[in-house]
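Participant: Give me a 3D structure for the following:
(chains A and B)
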Amino acid sequence: MISLNVNQKNYRVDADPNMPLLWVIRDIIGLTGTKYGCGVAQCGACTVHLNDEAVRSCVTKVSRAEGQKIVTIEGLSKENDHPAQIAWNEENVPQCGYCHSGQIMSAAVLLRENPNPTDEDIDAAMAGNICRCGTYLRIRKAIHLAAELQRKGSASK
Amino acid sequence: MKTSIRFKTKFRTFMIIGIMSSVVATMAFTLNKESEEARVPPAPIVTKDSTASVKAFKQVYTVLMSARCMNCHPSGDIPLQGEDSHLHTMQPRRGVDGKGVYAMKCSNCHQPANTPGLHTPPGNPNWHLPPADMKMVFQGRTPRQLAKQLVDPNQNGHKDMKKLIEHADDGLVKAGWNPGEGRKMPPMSHAAFKKAWITWLTTGAYAPAK
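Facilitator: Numbering: from 1, shown residues only, chains lettered A, B, ... in the order given. The predicted structure is shown next:
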């Protein structure tokens, strides 16, 4: 049995230690917001946070995540109100939507580490998340808006 | 008379105590020195031989310029990929510490061990590029430039001769010989590389003419 903490909830799962974390999250725990894209860390659709870093869960063995803190799109915020989630809605970013949980999880790391990112910072942070619909310009716009919302949010606290 | 005998006895006692203390102190110092010497490995012996040194470096150079080494020693801030050393897809950046930036940190994709499957991300617990303040570039360096750079502490990560020799067995260096499925090995075995590396260093670390 492997002990995991996903979205602040403890799980004990009966899985091969070599099983990709993505399979455990989706097929065993049942959190299907994280998507399977390429399976080889090339597209970013499966991005989750492992100890606050945006890991590709398709190539991360569940053994690496044992006892660590995992956050999926379902646990990013309590009311789906992370600044990136609000901005994504505001800017109508998704087209088909398949890649966007991964996009938002990557954007959240960027916004945590750089509250005022430039276009160049956004490109550097988001280059590992591919969008087949080509929503890149809206993603960039939404990240700028999310940064603004985050700054206003911190200022009002 | 009595006073003289008492004085002589006291004097003798002090002398004996003094001599014994000196002997004990000397023994303690010697033992301590010996144990310290045992702890510190001897410095590498350098026997200068420019011909043998340059010959060994030519072998070393073929390894360092192979994709397995050079791909993580790029001239820019983006690592290289593949046998043709093209820019890494998705263009991850070096970052200050060489471990990437934001959502694009090396270990987000590169696991502690190679990921199974053809051309999947190779892994190592310490996967990174050299840091931004000491890029240790291999790409584009001539044999002469690279040889001089490798022994310059201001360009080699502050390594002295001993540390340079030890570096041949660094975990990330050795990862070059465990490249994952679909990637070529360096042009010689790790043992042959290490032998050439140590030969180059211990014969004077001479740089080739060009």
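Participant: For the residue nearest to the spatial centre of chain B, which residues are in contact?
Facilitator: By CA atoms, centre = their mean, the mean C-alpha position of chain B lies nearest to B:His167, the distance being 2.6 Å. Applying CB atoms under 8 Å, 6 or more residues apart in numbering or on different chains to B:His167 gives the contacts B:Lys159, B:Val173. Heads up, the C-betas are built off the backbone N, CA and C, glycines and all.
Participant: Which pLDDT does the model give it?
Facilitator: B:His167 is assigned 95 on the pLDDT scale.
Participant: domain parsing for the chain?
Facilitator: As the question left the chain open, I've gone with chain A. Domain ranges of chain A: A:2-75, A:83-156, per automatic domain parsing.
Participant: Oops, wrong one, chain B.
Facilitator: Using automatic domain parsing, the domain parsing of chain B gives B:1-40, B:50-202.
Participant: For A:Met126, which of those domains is the nearest?
Facilitator: In terms of CB to CB, the element of the domains of chain B nearest to A:Met126 is domain B:50-202, at 6.9 Å.
Participant: quick revisit: pick out the shakiest of the domains of chain B, pLDDT-wise.
Facilitator: Sorting the domains of chain B by mean pLDDT places domain B:1-40 lowest, at a mean of 54.
Participant: helices or strands up against the worst-scoring helix or strand of chain A on mean pLDDT?
Facilitator: Least confident helix or strand, chain A: helix A:136-156 with a mean of 94, by mean pLDDT, DSSP states H and E. Applying 3 or more CB pairs under 8 Å, 6 or more residues apart in numbering or on different chains; DSSP states H and E, one finds that helix A:136-156 contacts helix A:83-90, helix A:100-113, helix A:119-126.
Participant: Now do the buried residues in the last one.
Facilitator: To tie it back to what came earlier, the one meant is helix A:119-126. Residues A:Asp121, A:Ile122, A:Ala124, A:Ala125, A:Met126 are the ones in helix A:119-126 that count as buried (16 or more other CB atoms under 10 Å in any protein chain shown).
Participant: What is the burial count for the nearest residue to the first one once chain neighbours are set aside?
Facilitator: Closest residue to A:Asp121 apart from its sequence neighbours, by CB to CB, 6 or more residues apart in numbering or on different chains: A:Asn114 at 5.5 Å. Summarising burial for A:Asn114: neighbours were counted as other CB atoms under 10 Å in any protein chain shown, giving 16.
Participant: and stretch B:181-189, is it in reach of chain A?
Facilitator: No: judged by CB under 8 Å from any CB of the partner chain, stretch B:181-189 and chain A are separated, with a smallest distance of 11.3 Å.
Participant: Ends of that stretch, what's the gap?
Facilitator: 17 Å (CA to CA, to the nearest Å).
Participant: Residues contacting it, please?
Facilitator: Outside stretch B:181-189, the residues within contact range by CB under 8 Å, 6+ apart are B:59, B:62-63, B:66-69, B:83, B:114, B:116-120, B:122, B:176-177, B:179, B:193, B:196.
Participant: Just the buried positions in it, please.
Facilitator: B:Arg183, B:Pro186, B:Met188.
Participant: could you dump those to TSV with distance to B:Lys48 and secondary structure?
Facilitator: TSV is the format used below for these (distance: CB to CB, whole Å; DSSP: H, G, I helix; E, B strand; the rest coil):
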residue	distance to B:Lys48	secondary structure
B:Arg183	38	coil
B:Pro186	28	coil
B:Met188	25	coil
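Participant: still on that earlier bit, please go through the contacts of stretch B:181-189 and note which also touch chain A.
Facilitator: Contacts with chain A are made by B:Gly117, B:His119, B:Thr120 out of the contacts of stretch B:181-189, judged by CB under 8 Å from any CB.
Participant: Could you report the separation of the last one from A:Gly39?
Facilitator: The one in question is B:Thr120. Distance, B:Thr120 to A:Gly39, using CB to CB, to the nearest Å: 9 Å.
Participant: So between these two, which is more surrounded?
Facilitator: Higher neighbour count among B:Thr120 and A:Gly39: B:Thr120, with 20 against 17, using other CB under 10 Å.
Participant: got a list of what the more buried one touches?
Facilitator: A:Val40, A:Ala41, A:Val59, B:Asn114, B:Gly180, B:Glu181.
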